[in-house]
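Engineer: Quick one: sequence and predicted model below, then my questions.
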Amino acid sequence: SQQGEEDPQALSIQEGENATMNCSYKTSINNLQWYRQNSGRGLVHLILIRSNEREKHSGRLRVTLDTSKKSSSLLITASRAADTASYFCATGSSGSARQLTFGSGTQLTVLP
Amino acid sequence: EAQVTQNPRYLITVTGKKLTVTCSQNMNHEYMSWYRQDPGLGLRQIYYSMNVEVTDKGDVPEGYKVSRKEKRNFPLILESPSPNQTSLYFCASSPGGRETQYFGPGTRLLVL
């Protein structure tokens, strides 16, 4: 079952602009993670934010988490053509330590 | 180098011919998982394993089998493949089920 739903499904921006992707989920979580996937390749972990955290930074990435709205956003600043990829959110349930549930992803295209 | 490996990377087979996709990790992770990825559906979990000899169904287990006889290996078995199992398959490992997951490069399977 899909827990996270990303929005938008596709995003196209110019190099140098910021890209914002959103993720909404339905049940209580222990953590929320963002992954990146280059076309046809394995997913790469970007950042993990725990349910008691509100914001986290890693390089050009900024993730926010609003547990009252059950939503998260991923901001990529000063985007580059190499950021072109699909981005997925994944939630770790607070009720079960057994699995992550992935959303269907946002396809980001950064135009040079 | 810490990694998850999968073999084969590409496979074309015919309906009903048993096949096995191997997965191996060198990070001493207890948790391993198989996903399939289909256009528009994101990642769906097939099976997961919390530890040696402990496996459980994910969201889409029908038509698949797994085993976990050793900590590092988690093969995916399709006893009688059908065309609806044509997909991109990923193996992943993690210190825990809802923690950061490390993905293999993927196996692209076509069942004719």
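Structural biologist: All right, it came through fine. Residues are numbered from 1 along each chain as shown, chains lettered A, B, ... in the order given.
Engineer: Spatially, which residue comes closest to B:Gln37, not counting chain neighbours?
Structural biologist: B:Leu88 (4.6 Å; C-beta to C-beta, 6 or more residues apart in numbering or on different chains). From N, CA and C alone the C-beta is placed, and that goes for glycine too.
Engineer: Sticking with A:Cys23, tell me its helix or strand.
Structural biologist: Here A:Cys23 is covered by strand A:19-24, with elements defined by DSSP states H and E.
Engineer: can you tell me if that strand touches chain B.
Structural biologist: No - contact of strand A:19-24 with chain B is not found when judged by C-beta under 8 Å from any C-beta of the partner chain; the minimum separation is 11.6 Å.
Engineer: Sketch out the strands for the chain, chain order is fine.
Structural biologist: I went with chain A, as the question did not name one. Counting by DSSP state E, chain A forms strands over residues A:5-7, A:10-14, A:19-24, A:29-37, A:44-50, A:55-58, A:61-66, A:71-76, A:85-93, A:100-102, A:106-111, given from the N-terminal end onward.
Engineer: was after chain B, sorry
Structural biologist: Listed in chain order, the strands of chain B (DSSP E) span B:4-7, B:10-13, B:19-25, B:31-38, B:42-51, B:54-57, B:65-66, B:76-78, B:87-94, B:102-103, B:107-111.
Engineer: Ok, which of those comes nearest A:Lys69?
Structural biologist: Checking the strands of chain B against A:Lys69 by C-beta to C-beta gives strand B:42-51 as the closest, at 21.3 Å.
Engineer: Now do the buried residues in that closest one.
Structural biologist: Buried residues in strand B:42-51, defined by neighbour count with 16 or more other C-beta atoms under 10 Å in any protein chain shown: B:Gly42, B:Leu43, B:Arg44, B:Gln45, B:Ile46, B:Tyr47, B:Tyr48, B:Ser49, B:Met50.
Engineer: now swap in stretch A:81-98 and tell me
Structural biologist: Of the residues in stretch A:81-98, A:Asp83, A:Thr84, A:Ala85, A:Ser86, A:Tyr87, A:Phe88, A:Cys89, A:Ala90, A:Thr91, A:Gly92, A:Ser93, A:Arg98 count as buried by neighbour count, 16+ other C-beta under 10 Å.
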